[in-house]
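Colleague: structure for this input, please:
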Amino acid sequence: MKGDIVTNDHVVDGASSISVKFPDGSTYKATVVGADPSSDLAVIHVNAPASKLTPLQLGDSSTVAVGDGVVAIGNPFGLDNTVTTGIVSALDREISAPDESPIEGAIQTDAAINHGNSGGPLFNLAGKVIGINSQIQSDSGGNDGVGFAIASNMVKSVVTQLISTGKAQHALLGVGVKTAASGGVAVTDVQAGSGAANGGVKTGDVVTAVNGVAVTSAQQLRSIVASHQPGDSLSLEVRRSGSTTTLHVTLGTRS
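Modeller: Purely as a prediction, here's the structure:
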């Protein structure tokens, strides 16, 4: 047990010092291993005895279904060790990261999440972590029954990179997109020098499938790209001027 702890980037951003408080009241200093504003995830390392460290097991967020029971643990309003329960109320939500990048595939829950829950785990009823609680949507500033957690599969991908190199890379297709009224995803612009440009994607194209999987919304296409790594290749089925063609693109790195 190494003492690496996952939290939100916005929890540690700008901090001059970090400490971790354990259930027995003991406190230990911690340092930032790596942070990623584009996914709102960070890893800190605490120098505490192994006897105080109890690792949690990450679940597979791709198996989560709407209606599944969930449990959130956090420190809302400074109230230590607060537990709330609820269900998964929606999947594949798009939320905004601190640097305004879209975070795809977020889990929506009605478990009470308030200020101070950020960076805490969202468990399934088997006790596995399926998300990191990150945001609420609220008109009142408190819990209105709409909270969001970063899905565990994204957490695993980003955190592995942060522990290894201190930073995370995100895949870039290099297009602006919008959901097409006629079905598929319309390309509104293409970034020069991007994987999309080099693969022959043009403004006005309508992407109808990626790697053989039909796409019906801009958010779905962004989610597919986000699930890949820079350097991965994608096969795009594109509708152009009344005909269909297949283009092969290599994903770049989002800065």
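
Colleague: going forward, measure contacts and count neighbours with C-alpha atoms only.
Modeller: Fine.

Colleague: for the protein, give me the ranges with low pLDDT.
Modeller: The model of the chain has pLDDT under 70 over residues 1, 139-142, 144, 255.

Colleague: can you give me phi and psi for the nearest residue to residue 74 once chain neighbours are set aside?
Modeller: Among residues not flanking residue 74 along the chain, residue 117 sits closest, at 4.4 Å (CA to CA, 6 or more residues apart in numbering). Main-chain torsions, residue 117, degrees, to the nearest 10: phi -80, psi -10.

Colleague: mind listing the helices for this structure?
Modeller: 9-12, 152-165, 195-198, 218-226 (DSSP state H).

Colleague: closest one to residue 121 among these?
Modeller: With CA to CA, the closest approach to residue 121 among the helices of the chain belongs to helix 152-165: 9.5 Å.

Colleague: what's the angle between the closest one and helix 218-226?
Modeller: 40 degrees (axes from the mean of the first three to the mean of the last three CA atoms, to 10 degrees).

Colleague: just give me how far helix 152-165 sits from the chain centre.
Modeller: Relative to its chain's centre, helix 152-165 lies at 10 Å (CA atoms, centre = their mean, to the nearest Å).

Colleague: that older thread, could you dump the helices of the chain into a markdown table and include mean neighbour count and distance to residue 235?
Modeller: Listed next are the helices of the chain as a markdown table, based on neighbours: other CA atoms under 10 Å; distance: least, CA to CA, whole Å:
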| stretch | mean neighbour count | distance to residue 235 |
| --- | --- | --- |
| helix 9-12 | 20 | 33 |
| helix 152-165 | 19 | 22 |
| helix 195-198 | 21 | 11 |
| helix 218-226 | 20 | 12 |
